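Undergrad: Pasting the sequence and the predicted model now:
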Amino acid sequence: MRLAFAMVLGAGTALCPAGSWASTGPHGYQASTAVPASGHASGKAARSQLQEALADGIPEQQVGIAFGHPACLQGIAGDEYADTHAAEKPCINSTDLRKPFRIQLGRRIGTRADILGEFDGVRVDYRLGDGLILNGIAGYPVLAAEDIFNPDRQVFGLSATADRPDHTWELNGYLYEQQANGQVSGRSMGGAIRHLKAGRSMLVYLDYDPDTSSVSTLLASGALKLPFNTTLSATLDLQSRSIPGPQKQYLTHSMTVMDGWEWILPDDRLAHHIGNGASEVDMLAVDLSYALSRRIKLRGDVILLNVDNGSGAAARSGLSEYYYHLKITGKDLMVPGDRSKLDLRRSVTDAGQTYTASFDTKHAVKRFWNFISQLRADYHTSADAGGSGWAASPKVKMEYRPSKQFGFHIEAGSNLSKGENVNVKDSRSSYFVSLGYQAKF
């Protein structure tokens, strides 16, 4: 069970409209400060909260209570933007606070919209003015939604956020350090500039590695809405070190402001090339998204990846990879609630070529039943060994979910593969059946 609690300290009296503590779903309860437009107390419940606080000996000028949790990036994109993660990861938008000083203490503080990320611990916010906020955090990082609390990992960070009153422009700077068992496991410092609107958006990010005294990441990405329900986006990325998890979540979440703007960089290939810290990767990605109708969407992207292993310009031009991707998605095609996705990929590297096709469907059979089918097929050729091979993975799954908190499923599938080169031929097959139960607390 996840709980969160926020304490508020500040000067001046601020009362909020009548209400009660607002539940944030699996994250417990949150409270923050806000000032109503009228500037005075509203409702018996608010007066009762104030009277109870004063009875406990808290000075009146330190009381400020607000209910609910505004969505992340609220107001940045206008009416066309909806935060798809608000229900899953509710958060407090610190730019809406009117108290100069705030403290949050608990679990799952922060969100993917924060450049310091999500963590368990304490966070202090200090407002220097209407457009400038300083933040400090200390605690234990949350690396994934299903991450289990680990006291051996620690995180410390400082950040500064400056934005315009209309929230269309925002500047972030940060200092970030992670530790494992008391030893420093990673340091980073940098900043981001983002211009987020429903029709055109831009994102520039820079990360500096203090251990090597060099820029480890420089990323620039932008998206533009075109006529006929089309979105064009492009990303230029220069990396010599993987982007830290919290900052990557901040970047990917910023892209959700516009339909058709997504993180499309091949993270597995990036990790492969720069995992040892001896290589630098330059990437250029261009993506085009087109809505054929309300139910069917088409998108395609092309990525050029260039690797420099530190041996000079010859090595830079000698190792290049190309990625081509086409995806067609559909929803409510046969019955309300069904989803289908056809995904086609091709990659070209010095080691060979790989072709991948996958088809996923999900159908709501009845009120509590879902039928899911997945099929993936791969074919690859090897330039070095002169061989080729294929693999196929069909899978079907039936779910029974009477509520969002728990459910049952049965799943069956197989993995088939065959490969051959000049000297060796290899064929493999495996099958599986599983029963499962899922519960969320």
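TA: It's in. Numbering: from 1, shown residues only.

Undergrad: List the residue ranges of this protein that fall below the pLDDT cut-off.
TA: 1-98, 145-147, 276-278, 310-318, 385, 422, 441 (pLDDT under 70).

Undergrad: Domains of this structure: list them as residue ranges, please.
TA: Domain assignment for the chain by automatic domain parsing gives 1-69, 332-441.

Undergrad: if I look at His273, how far off is Ile296?
TA: Per C-beta to C-beta, to the nearest Å, His273 is found 36 Å from Ile296. Quick note: C-beta positions are derived from backbone N, CA and C, even for glycine.

Undergrad: Those two - which one has more neighbours?
TA: More crowded of His273 and Ile296, by other C-beta atoms under 10 Å: His273, with 21 against 15.

Undergrad: Okay, and that one sits in which element?
TA: helix 267-274 (DSSP states H and E).

Undergrad: And that helix, what's buried?
TA: Within helix 267-274, the residues scored as buried using 16 or more other C-beta atoms under 10 Å are Arg269, Leu270, His273, Ile274.

Undergrad: For that helix, which outside residues touch it?
TA: By C-beta atoms under 8 Å, 6 or more residues apart in numbering, the residues outside helix 267-274 that reach it are Gln239, Ser240, Arg241, Ser242, Ser279, Glu280, Val281, Met283, Leu305, Val307, Glu321.

Undergrad: Spatially, which residue comes closest to the third one, not counting chain neighbours?
TA: Put plainly, it is Arg241. Ser216 (3.8 Å; C-beta to C-beta, 6 or more residues apart in numbering).

Undergrad: what's the burial count for the one you found?
TA: Ser216 - counted by other C-beta under 10 Å - has 23 other residues nearby.

Undergrad: Secondary structure element holding it?
TA: Short version, using DSSP H and E: Ser216 is in strand 214-226.

Undergrad: Would you mind extracting the C-alpha trace of that strand into PDB?
TA: The C-alpha trace of strand 214-226 is given here as PDB (Å, rounded to 0.1, in the frame of the first residue of the first chain):
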ATOM      1  CA  SER A 214      32.300  16.500 -20.800                       C
ATOM      2  CA  VAL A 215      28.900  16.800 -22.300                       C
ATOM      3  CA  SER A 216      27.300  13.400 -22.200                       C
ATOM      4  CA  THR A 217      24.000  14.100 -24.000                       C
ATOM      5  CA  LEU A 218      22.700  16.800 -26.300                       C
ATOM      6  CA  LEU A 219      19.200  16.300 -27.500                       C
ATOM      7  CA  ALA A 220      16.900  18.500 -29.600                       C
ATOM      8  CA  SER A 221      13.400  17.400 -30.600                       C
ATOM      9  CA  GLY A 222      10.400  19.100 -32.000                       C
ATOM     10  CA  ALA A 223       6.900  18.400 -33.400                       C
ATOM     11  CA  LEU A 224       4.600  20.300 -35.700                       C
ATOM     12  CA  LYS A 225       0.900  19.800 -36.400                       C
ATOM     13  CA  LEU A 226       0.300  19.800 -40.200                       C
END
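
Undergrad: Quick one: list the elements packing against whichever helix or strand comes after that strand.
TA: For strand 214-226, the following helix or strand on the C-terminal side (DSSP H and E) is strand 230-239. Using 3 or more C-beta pairs under 8 Å, 6 or more residues apart in numbering; DSSP states H and E, the elements in contact with strand 230-239 are strand 214-226, strand 280-291.

Undergrad: mind listing the helices for this protein?
TA: Here the chain has its helices, by DSSP state H, at 44-55, 245-255, 267-274, 313-318.

Undergrad: Make TSV from the helices and strands packed on strand 230-239 and add distance to Tyr250 to it.
TA: Below are those laid out as TSV (distance: least, C-beta to C-beta, whole Å):
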stretch	distance to Tyr250
strand 214-226	11
strand 280-291	19
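
Undergrad: do you know which of those lies nearest Trp263?
TA: Between Trp263 and those, the shortest gap by C-beta to C-beta is with strand 214-226, which sits at 8.7 Å.

Undergrad: Between strand 230-239 and the closest one, find me the angle.
TA: 170 degrees (axes from the mean of the first three to the mean of the last three C-alpha atoms, to 10 degrees).

Undergrad: Report the buried residues of strand 214-226.
TA: Neighbour-count burial for strand 214-226, counted by 16+ other C-beta under 10 Å, picks out Ser216, Thr217, Leu218, Leu219, Ser221, Gly222, Ala223, Leu224, Lys225.

Undergrad: Which residue comes closest to the residue nearest the centre of the chain once chain neighbours are left out?
TA: The residue lying closest to the centre of the chain (C-alpha atoms, centre = their mean) is Gln249, at 3.8 Å. Spatial nearest neighbour of Gln249, excluding adjacent residues (C-beta to C-beta, 6+ apart): Arg112 at 3.9 Å.

Undergrad: Now do the one you found against Thr349, distance only.
TA: Relative to Thr349, and taking C-beta to C-beta, Arg112 is found at 31 Å.
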